[in-house]
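J.: Quick one: sequence and predicted model below, then my questions.
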Amino acid sequence: MEKMEGHKNKYQNLFENSVVAMFWSSFSDGMVIEANPAMLRLFGMDSFEGTRAADFFVRNDEVRDRVKQLLTGEGAVYNLEIQFKKKDGSTFWGSYSARLYAEQGIIEGIIVDISSRKWAEEALQKSETKYKTLFDSANDAILIVKDGKIIDFNAQALKMFGSTGDEDMMGESILTFSPSTQPNGKDTRAGFLERTDSVLAGEPQFFEVRHYKVDGTPFDAEVSLNRINLDGETLVQSIVRDITGRKQAEEEHRIAHENLKRRTAELEDLNKELEAFSYSVSHDLRAPLRAIDGFSQALLEDYHDQLDEEGQDFLTRIRLASQHMARLIDDMLKLSRISRTDVRYETVDLSSMASAIAAELRKTDRGQKVDFVITPGITVQGDRSLLRIVMENLLGNAYKFTVHGP
């Protein structure tokens with residue numbers, strides 16, 4: 001008798017001091033008979049007197065019926081995860097275990113707060129869902145590789161590699177979809193093993209590689225390798241981007257650049273030939289022009305008295321024309337060398353230049369009166385010689401067509 005009393009006291013002491021919520025309730029009406037302090041703290045109660053255990057189930061009737069069914073059929077409930085509500089209305093997740101003592105009509109139960117675990121599981125589930133969503137909706141192909149074998153991939157991977165079903169890729173070696181040798185001459189397998197070792201050591205890899213589609217069609221890809229942990233396993237995540245279009249554009253750009261370099265070299269050679277030709281022509285033209293100008297001057301000086309006014313005017317015009325031709329030759333030489341020399345910018349009085357050109361043009365007048373209307377004070381920044389060539393051509397053409405116009 002004393003021994004039984006000792007066991008009872010020991011159990012009561014355990015009941016009172018346990019950190020796990022424990023209770024006794026009536027099977028017939030569900031009323032709580034006794035609850036330990038841990039139970040009171042868990043539910044924020046001062047006492048469970050006059051309350052039923054099922055009142056603290058969030059889904060009251062459904063959970064109560066399930067618990068009753070289990071207790072009646074098996075006599076016990078083990079680690080049933082139930083959502084409970086506290087006195088203040090807040091909820092938490094608990095692991096519920098209970099045993100039915102049928103003869104006494106008493107239920108002995110314990111409740112362990114598992115809210116932290118459930119929240120962690122929920123957060124993990126959300127994270128996995130988010131990852132799966134990103135995984136499936138990514139524009140790039142994503143492959144999960146274990147020991148060199150493909151164990152998972154997204155829809156874009158099937159599309160990129162031209163696969164019609166999972167069986168084309170699942171469990172296949174990643175090397176199946178690459179030539180044995182890359183375009184740069186390097187061994188594909190050796191490169192893959194080296195990069196895999198680096199990734200597993202915590203060093204992400206980023207590189208370009210030649211891949212094959214399922215039907216053997218080659219394509220260029222940009223690959224990013226990263227180490228990931230899934231379900232306790234260390235795996236390699238391969239993100240593949242098809243860069244065939246970009247590589248084609250780069251090749252077209254390279255060819256265009258080579259063509260430009262070749263044409264530039266050809267143009268430089270042509271410019272050199274043109275400069276040599278211009279120099280030769282100008283040299284051949286200068287001598288007769290100097291003779292024309294010199295003899296015209298001699299005639300004016302030595303035979304001035306024997307020439308009438310019209311003859312003197314003709315000789316003067318001959319001299320002016322030859323001098324103008326000499327200037328044009330000089331300007332032609334300058335123009336031929338403009339690609340190799342810097343343009344000399346200075347302030348040029350365009351009005352004065354136009355007036356001087358107009359005066360020269362008037363001396364060639366054959367009787368038709370032409371008026372030049374020139375606004376004074378117009379200045380520009382530019383190369384004086386080149387501007388002279390432009391103005392002489394513009395005004396010369398205007399004068400010529402005005403003289404011979406209607």
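T.: Happy to help now that I have it.

J.: could you point out where the protein is predicted with low confidence?
T.: When the per-residue scores of the chain are filtered using pLDDT under 70, the ranges that remain are 1-11, 60, 334-342, 365-368, 403-406.

J.: Let's see that with 50 instead.
T.: 1-4, 7, 406 (pLDDT under 50).

J.: For it, which segments count as helices?
T.: The residue ranges that make up the helices of the chain, judged by DSSP state H, are 2-17, 37-43, 60-74, 115-137, 155-160, 188-200, 244-302, 309-336, 350-362, 384-403.

J.: Packing partners of the fourth one?
T.: This means helix 115-137. Counting contacts by 3 or more C-beta pairs under 8 Å, 6 or more residues apart in numbering; DSSP states H and E, helix 115-137 is packed against strand 91-101. For the C-beta atoms, the positions are set from N, CA and C on the backbone; glycine is no exception.

J.: Next: the fifth one.
T.: Helices and strands in packing contact with helix 155-160 are listed as strand 141-146, strand 233-242; criterion 3+ C-beta pairs under 8 Å, 6+ apart.

J.: Now render those as a markdown table, adding mean neighbour count.
T.: Rendered in a markdown table, the data for the helices and strands packed on helix 155-160 read as follows (neighbours: other C-beta atoms under 10 Å):
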| stretch | mean neighbour count |
| --- | --- |
| strand 141-146 | 20 |
| strand 233-242 | 18 |
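
J.: Tabulate those (CSV), appending distance to Ser26.
T.: Shown next, in CSV, are the helices and strands packed on helix 155-160 (distance: least, C-beta to C-beta, whole Å):
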stretch, distance to Ser26
strand 141-146, 55
strand 233-242, 50
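
J.: So which of these is nearest Thr91?
T.: Of all the helices and strands packed on helix 155-160, it is strand 233-242 that lies closest to Thr91, at 34.8 Å by C-beta to C-beta.

J.: I'd like to know how many residues surround Leu361.
T.: Counted with other C-beta atoms under 10 Å, residues neighbouring Leu361 total 19.

J.: That one against Leu395, yeah?
T.: Yes. Leu361 is within contact range of Leu395, at 6.6 Å (criterion: C-beta atoms under 8 Å).

J.: Break the chain into its domains for me.
T.: For the chain, the structural domains run 14-119, 138-242, 258-340, 342-406, going by automatic domain parsing.

J.: Show me what the most centrally placed residue in the chain is bridged to.
T.: Closest residue to the average C-alpha location of the chain: Arg241 at 12.0 Å, with C-alpha atoms, centre = their mean. According to DSSP bridges, Glu222 are recorded as the beta-bridge partners of Arg241.

J.: And Met391, how far from Glu222?
T.: For Met391, the distance to Glu222 equals 58 Å [C-beta to C-beta, to the nearest Å].

J.: now do Thr176
T.: Counting by C-beta to C-beta, the separation of Thr176 from Glu222 is 19 Å.

J.: So between these two, which is more surrounded?
T.: A direct count of neighbours by other C-beta under 10 Å for Thr176 and Glu222 places Glu222 higher, at 16 against 13.

J.: hang on, the residue nearest to the centre of the chain packs against Ala221?
T.: Yes. Taking C-beta under 8 Å as the contact criterion, Arg241 and Ala221 are neighbours in contact, 6.3 Å apart.

J.: Tell me which of the helices of the chain sits nearest to Ala98.
T.: Each of the helices of the chain was scored for nearness to Ala98 using C-beta to C-beta, and the closest is helix 60-74 (6.6 Å).
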